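In: Show me the folded form of this:
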Amino acid sequence: MNEADFIAALRTLPLHSGARGLSDDCAVLEIGGETLILTHDMMAEGTHFRPDAEMADVAWKLVASNLSDLAAKGAEPIGVLLGHSLGQDDERFLAGLSEALSRYDVPILGGDTVSATGPRTFGLTAIGRASHTPVPSRSGASLGDALYVTGMLGAAMLGFEGTPEHLEAFNRPRPLLQQGQSLAPRVSAMMDVSDGLLLDAFRLAEASEVTLALETKNVPVADTERREDCMRWGDDYELLFTAPEGLTLPVSATQIGTVQPLGFAPLTLDGNPIVNAQGLGHQHG
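Out: Reported below is the predicted structural model:
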């Protein structure tokens, strides 16, 4: 099964209403007077990091990728649960974990460790508290909205390839927690860009049942000669969101498109319809 098939099968199981139909990055649970945000991301050797990767960077990125999901919900982190596969350079992993948790003032709540042979896999569950309700989702984009993205896309790709000035973008991405909290009361839909701008825009459009008309020349990229690659590669952890066109935004962001009525395709690039998500970005399986 590929990722889409597996998620479709999961949707046939009993789902909590807070799961949002498994079409969002996080679960949203209302408990008493609190709204909690929960997310879980994993990193696998050979897929998300090389076997010779610096384990401190792996730990940092594991934390950052989960906190980025919380950022897209405007959440304030409460703590994390770690699933750790014991092996070589555990001390370096702990060092990177300490650096990331200290940098974002997030405590460990618990977790589990295992000892196993073969490639290693690490998991982290992050728990946050909503700073604004309703909590932003992928499904709220409306006609009259504009499509925005923060930052610059493609820096992580260049860092992965060894470009010195972009190494940190790949090894130690920065979750945009403050930006997400500032945007949460103003956006109609929001998610982070982890699997590539084009694929994530396609997903946002599908969830919102609209067409996103994206103008590629407006997309801020780290290498203009490789614009297509920058929009497809992923690992940027910027915020992709929709908001009323002309709204004064509380963060620096670039308008890259508009929200239009659902047409032949969920996404258009410079007027050309994209009807299939295949090849738009990173998909598992």
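In: Can you tell me what sits against stretch 263-279?
Out: Residues outside stretch 263-279 that contact it (CB atoms under 8 Å, 6 or more residues apart in numbering): 198-199, 201-203, 205-206, 210-217, 232, 260, 280, 283. In this view, the C-beta of every residue, glycine as well, is placed from N, C-alpha and C.
In: Only the buried members of those residues: can you turn that into a ChimeraX selection?
Out: Restricted to buried positions by 16 or more other CB atoms under 10 Å, the ChimeraX selection for those reads:
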select :198,199,201,202,203,205,206,210,211,212,213,214,216,232,260,280
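In: Restricted to strands, list the contacts of stretch 263-279.
Out: Assigned to strands by DSSP state E, the following of these qualify: Thr211, Leu212, Ala213, Leu214, Gln260.
In: Would you mind putting these into a markdown table with distance to Asp112 and pLDDT alongside?
Out: Formatted as a markdown table, the ones in strands among the contacts of stretch 263-279 follow (distance: CB to CB, whole Å; pLDDT from 0 to 100):
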| residue | distance to Asp112 | pLDDT |
| --- | --- | --- |
| Thr211 | 43 | 98 |
| Leu212 | 40 | 98 |
| Ala213 | 45 | 98 |
| Leu214 | 41 | 98 |
| Gln260 | 46 | 97 |
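In: which of those residues lies closest to Gly154?
Out: Nearest to Gly154 among the ones in strands among the contacts of stretch 263-279, counting by CB to CB, is Leu214 at 15.3 Å.
In: these two touch, right, the closest one and Ile256?
Out: Yes. Contact criterion CB atoms under 8 Å: Leu214 and Ile256 qualify, at 5.8 Å.
In: which residues do those two both contact?
Out: Both Leu214 and Ile256 are in contact with Leu147, where contact means CB under 8 Å, 6+ apart.
In: Leu167 touches Gly159, doesn't it?
Out: Yes. Between Leu167 and Gly159 there is a contact under CB under 8 Å: 4.7 Å.
In: Between the two, which has more neighbouring residues?
Out: More crowded of Leu167 and Gly159, by other CB atoms under 10 Å: Gly159, with 21 against 17.
In: centroid residue for this structure?
Out: By CA atoms, centre = their mean, the mean C-alpha position of the chain lies nearest to Asp192, the distance being 3.5 Å.
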